[in-house]
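**Q** Here's my sequence, what's the structure:
(one chain, ligands or ions: 2)
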Amino acid sequence: MRHLLLDEIASGSFGTVYRAFDFKHSRVFAIKVLHDEGGDDGLWANWQAAAYRGEGLILPSLNHQHIIRSFHSQGWGTPRVEIHMDLMDGTLRALAHSRPSATYPLLAHHALHQMLQALDYLDSLDLVHRDIKPDNIFYTYTHSTFHSQVQQQQLHPGGHYPYHFRLGDFGLCDHASRIPRTLGTKMFFAPELFPDDDDDDDDDRGGLPQLQSHKSDVWALYVTTLWTLDVGQVRAAAALGWRNGGAAGFAAYVGGLVEEEEEGGKGKVGALRGWRRLIRGRGGVRGEVLGGLFGGVGGLGGGEG
Ligand SMILES: Nc1ncnc2c1ncn2[C@@H]1O[C@H](COP(=O)(O)OP(=O)(O)O)[C@@H](O)[C@H]1O
Ligand SMILES: [Mg+2]
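**A** Numbering: from 1, shown residues only. Ligands and ions are numbered 1, 2, ... in the order given. Alright, predicted model coming up:
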């Protein structure tokens, strides 16, 4: 495809994401470039092989309104891999930081509802994302052409919510049965992914953590929702490195917020009433949450999309 690289959107240890112009279709899109940093050849090869499954094979095969659309990738097996995607306006993390706190509940509600639909779809294909977090949830602003953001914020109460979310970053995504070990972002790890060092625990797992699953994706979305709502000043706790106790300590802290809700939903956590059953059982998104919290709307099994 003939295209021109425009500017850089983001850069990190993974590589760089650029805005690019597609001459054939006269449109702007995003290119994620993965580079070989040199050094240990084995490392790059292993890393690329894993990214290939998620971003080269699985992502382009997906078709869902709340999952980022990737239409092309190239360079697999070479030092420069490119993944071509629809351009998004930014991440849920950036959006949440840029909005006043009074808008957090509406933002969290819509992001949660839309991401549950994405997780429901992935579960129906037996896929586990493994890195659900505010940085990997993207949005587009749907009315920017005719209205300024300020005008739109005045317009949307009761009307159309202007942010459309899509799940992205499929670098770790794989089929549930093919996940050999836990990778991702520790802060969003479900409790069962940590080694069990509590001897008195009823649910004895013999000290061995479980592997990532649809259930741990649901947990990560739960933590993402707490983060978006900024329940219990969770954003500051996150930025401080989870207070004491590292990632496991943070998981326990989030567990405490869940307990608090079980005791009657005090304070802001009450905004998440209905999550209790989900977080306890984490049986499946469709029945437990889309059903209970959103009346089934958006699930694959019923309601409209
Ligand atoms: N399609 C896209 N549109 C706009 N920005 C993007 C897009 N894809 C990635 N980005 C930007 O690049 C960053 C890293 O992309 P991501 O796919 O999450 O890669 P990584 O595996 O390195 O986390 C994102 O946080 C976002 O800022
Ligand atoms: Mg990412």
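**Q** going forward, measure contacts between C-alpha atoms and count neighbours the same way
**A** Fine.
**Q** Ser216 - nearest residue in space that isn't next to it in sequence?
**A** Ala190 (5.3 Å; CA to CA, 6 or more residues apart in numbering).
**Q** okay, the one you found: pLDDT?
**A** Here the pLDDT value assigned to Ala190 is 85.
**Q** same question, Lys32
**A** At Lys32, pLDDT is 96.
**Q** need the contact list for it.
**A** Gly15, Thr16, Val17, Tyr18, Glu82, Ile83, His84, Met85 (CA atoms under 8 Å, 6 or more residues apart in numbering).
**Q** Could you report the neighbour count for His110?
**A** Residue neighbour count, defined by other CA atoms under 10 Å, stands at 16 for His110.
**Q** Tell me if I am right that it is in a helix.
**A** Yes. Note on His110: a helix contains this position according to DSSP: H, G, I helix; E, B strand; the rest coil.
**Q** Spell out which parts of this protein neighbour ligand 1.
**A** Within the chain, the residues that sit near ligand 1 (CA under 6 Å from any ligand atom) are 9-10, 14, 17, 30, 85-90, 135-136, 169, 171.
**Q** Make a ChimeraX selection of the buried ones in those.
**A** To isolate the buried ones among the residues of the chain next to ligand 1 in ChimeraX, judged by 16 or more other CA atoms under 10 Å, type:
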select :17,30,85,87,88,89,90,135,136,169,171
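**Q** any idea which of the residues of the chain next to ligand 1 is closest to Leu226?
**A** Checking the residues of the chain next to ligand 1 against Leu226 with CA to CA, the nearest one is Asp135 at 14.3 Å.
**Q** Check which element follows the lowest-mean-pLDDT helix or strand in the chain along the chain.
**A** For the chain, the helix or strand with the lowest mean confidence is helix 149-155, at a mean of 53 (criterion: mean pLDDT, DSSP states H and E). Next along the chain after helix 149-155, taking DSSP states H and E as the criterion, comes strand 163-167.
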